[in-house]
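S.K.: Any chance you could fold what I've pasted below:
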Amino acid sequence: MMSRLRGVALASALALVPCGGCSVAANLSADELLTEVDAIVRIEGSRPDYVVAYADRAPTSSWFRRALYFGLWLAIEFVGELLDSDDEGDAAAGSAGEFAADDRLLLPELLQPVEHVRELLRELPDEVGSDLRFAGLAASRFGWIAHYDVHPLSRIVALDGLCRLADAFELQLFQGDLRRLRFVPPDAAVVAACGKVRDGRPRRAASAAGSDAARAAYVEALAVCTTAPLAEPHARVTLVEILTEAYLAEADEAVRERVGAALRAALAHLTEWLVIDLVRGRGADVDVRLCAMDQLRRAGGPAAVPFLLAVMVADPERMARGESAYDPDPNVRLRLVHFCGQLRGERSNEVLALDGRKGTVPLSPADFLAVTALNETAYTSQLRVPAIAAMAWCLGRPRIDYDLAWIREWRAARQ
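M.R.: Numbering: from 1, shown residues only. Sure, this is the predicted structure:
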């Protein structure tokens, strides 16, 4: 009898626990998600060698614990109703207590913190919605993980989260003249303004209001601090954190609007330059690069393709080390072939020169296709045929000719 009742109690409890196809993050608020991420993740080290560290064991989600405890409570109540005597009721309650004790590792702690954090991060943009306060808090977590985590999938989830926030706030990434994205350090005035914002912002611990002169200097610094992106990833993330703190603490509505505008600009800088940093990488995280390329192409439209070629071409230092002009991974180059093959007319012949990329020799999309088709090995390369087909499309040829003579003639005429 007791065994059967314990089984009923267990079944009742487990019925309220999230099933395998459900995320334990799905019923948490933005505040709860952020709190749980912060309980698991910590940033260690110093620039430029920051490390994203995870707790060996971390608290499970509050919703998961609430559901399980509620299930146990219902099970105990149900068992108590079925028992004929108080003694039996006490025994059944003790049995349910034994179940909770035996499975205590499931209740207070989680043994796979990296995967759990990814679940939390996937849910976070939906819970943030259009709330700028939580957007700033979420963006800083995404920024640290996307830049410094060693887990490729975590970096992809964080990148996606930042881009989803940018979409929600209509930040218009990679729009307009992309030559505005310069590979040079910001002016000293921008760095100085960031320092003034850091030192002059109100804290959530609420201090006395400063003088009118201090307020005016603070507002002026807010207008300057995001006129150009900061040079280093950690500095861009830190600026978002500073502005978020200021936005949360500001009591003056007029100043708060200025802080909000600066925070939105800082979010745009953080996201754009995260994508740029990722597509320029040449490490083993190929999937991260591919996802960043897709995000840039989606946000920037056709103009993003010449920009990608200008950003991803090797600089003189890399070329001197014997590296290839473009990414050595064939999957990355194949993605570039696909992007270039989507263009026609003037856009396919556009070459973008970017400030700070002195000595680089980027190719136009059509030239990239021609060089790829001519340099890849016949029969064994996965790039040669797609490049020829894309080249024919770019030039508006009525048919695809796999004899390379026409590409050689076109290339010679260009040179």
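
S.K.: so where is the stretch 151-300 of the chain shaky, pLDDT-wise?
M.R.: Flagging of the stretch 151-300 of the chain using pLDDT under 70 yields the residue ranges 204-210.

S.K.: for whichever strand or helix holds A413, packing partners?
M.R.: Counting by DSSP states H and E, the element that carries A413 is helix 405-414. Helices and strands in packing contact with helix 405-414 are listed as helix 365-375; criterion 3 or more Cβ pairs under 8 Å, 6 or more residues apart in numbering; DSSP states H and E. All C-beta spots, glycine's among them, are computed from the backbone N, C-alpha and C.

S.K.: I'd like to know which elements the helix it packs on is packed against.
M.R.: In terms of contact count using 3+ Cβ pairs under 8 Å, 6+ apart, helix 365-375 is assigned the packing partners helix 304-312, helix 330-340, helix 384-394, helix 405-414.

S.K.: on that earlier part again, what does the helix holding A413 contact?
M.R.: Helix 405-414 is contacted from outside by D367, A370, V371, A373, L374, I388, M391, L395, R397, using Cβ atoms under 8 Å, 6 or more residues apart in numbering.

S.K.: Show me what counts as buried in that helix.
M.R.: Within helix 405-414, the residues that count as buried by 16 or more other Cβ atoms under 10 Å are I407, R411.

S.K.: How far does it sit from its chain's centre?
M.R.: When C-alpha coordinates are averaged (Cα atoms, centre = their mean, to the nearest Å), helix 405-414 and its chain have centres 41 Å apart.

S.K.: same question for that helix, mean pLDDT?
M.R.: Per-residue pLDDT over helix 405-414 has a mean of 93.

S.K.: In terms of helices and strands, where is D31?
M.R.: When elements are assigned from DSSP H and E, D31 belongs to helix 30-40.

S.K.: and the longest helix for the chain?
M.R.: Once the chain is assigned using DSSP state H, the helix that runs over the most residues is helix 253-280.

S.K.: which other helices and strands contact that helix?
M.R.: Under the contact definition 3+ Cβ pairs under 8 Å, 6+ apart, helix 253-280 sits against helix 132-148, helix 152-168, helix 212-224, helix 233-249, helix 286-300, helix 304-312.

S.K.: Ends of stretch 199-216, what's the gap?
M.R.: Taking Cα to Cα, to the nearest Å, the span from the opening residue of stretch 199-216 to its closing residue is 14 Å.

S.K.: cool, stretch 334-346 as well?
M.R.: Using Cα to Cα, one end of stretch 334-346 lies 22 Å from the other.

S.K.: quick one: it to chain centroid distance?
M.R.: For stretch 334-346, the gap between its own C-alpha mean and the chain's C-alpha mean amounts to 25 Å (Cα atoms, centre = their mean).

S.K.: tell me which residues of it are tucked away?
M.R.: For stretch 334-346, a neighbour-count test (16+ other Cβ under 10 Å) marks L334, R335, L336, V337, F339, C340, G341, L343 as buried.

S.K.: can you pull the contacts of G129?
M.R.: When contacts are counted by Cβ under 8 Å, 6+ apart, G129 touches A30, A168.

S.K.: pLDDT score assigned to it?
M.R.: Value for G129, per-residue pLDDT: 92.

S.K.: cool, A93 as well?
M.R.: Per the predicted model, pLDDT is 39 at A93.

S.K.: Next, the angle helix 365-375 makes with the helix holding A413.
M.R.: Between helix 405-414 and helix 365-375, the angle formed by their directions is 130 degrees, by axes from the mean of the first three to the mean of the last three Cα atoms, to 10 degrees.

S.K.: Kindly calculate the angle that helix 405-414 makes with helix 384-394.
M.R.: Using the same axes, to 10 degrees, helix 405-414 lies at 60 degrees relative to helix 384-394.

S.K.: Most neighbours among the contacts of helix 405-414, which one is it?
M.R.: The member of the contacts of helix 405-414 surrounded by the most neighbours (other Cβ atoms under 10 Å) is M391, with 30 neighbours in all.

S.K.: how close does it sit to D401?
M.R.: Going from M391 to D401 by Cβ to Cβ, to the nearest Å gives 10 Å.

S.K.: quick one: contacts for D329?
M.R.: With contact set as Cβ under 8 Å, 6+ apart, D329 has these partners: V286, R289.

S.K.: Kindly recompute the last result at 7 Å.
M.R.: V286 (Cβ atoms under 7 Å, 6 or more residues apart in numbering).

S.K.: and what of Y54?
M.R.: Remark: with contacts taken as Cβ under 7 Å, 6+ apart, Y54 is in contact with I40, V41, P113, V114, V117.
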